[in-house]
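Visitor: task: produce atomic coordinates for the following.
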Amino acid sequence: MAATDRVLTLHPGGKQGVRIERAKYDGMVAALLAVVPEDPPGVPLQGLADRVRPHLRRDVYTADVSVSWYLTTGKLDLEARGALRRLKGSPQRLVRTR
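Guide: Okay, here's the model as predicted:
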């Protein structure tokens, strides 16, 4: 059996990242960057899974895959890489960096 290509994610708090399948990582990152705007007020974290779902490939994100878990992992990775940032305040809102 061939090894699955994986990506080691980063965490903005310096914690250890996780290894996830490249197809799931690439799909989630593309979806997040497609739905998170550059300008405030940004997009709230609540409901973000519903926004990214239409952008995810159904053959990669099958019914048994936790979109919420991959969303959180992808969001944290993009924050650590500087592609997304949290706006101050509550509830949590995100914007893309330029």
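
Visitor: mind telling me what element the residue positioned nearest the centre of the chain is part of?
Guide: The residue lying closest to the centre of the chain (Cα atoms, centre = their mean) is Gly74, at 2.8 Å. Per DSSP states H and E, Gly74 falls inside helix 67-80.

Visitor: Val18: what's it in contact with?
Guide: Residues counted as contacts of Val18 (Cβ atoms under 8 Å, 6 or more residues apart in numbering) are 8-9, 73. C-beta here means a position set from N, CA and C on the backbone, and glycine is covered the same way.

Visitor: please determine how far it is located from Arg81.
Guide: The spacing between Val18 and Arg81, counted by Cβ to Cβ, to the nearest Å, is 15 Å.

Visitor: just to revisit the earlier point, partner strands of whichever helix or strand comes after the helix holding Gly74 and their direction?
Guide: Note on helix 67-80: by DSSP H and E, the next helix or strand toward the C-terminus is strand 84-87. Paired with strand 84-87 in the same sheet, following DSSP bridges, are strand 93-96 (antiparallel).
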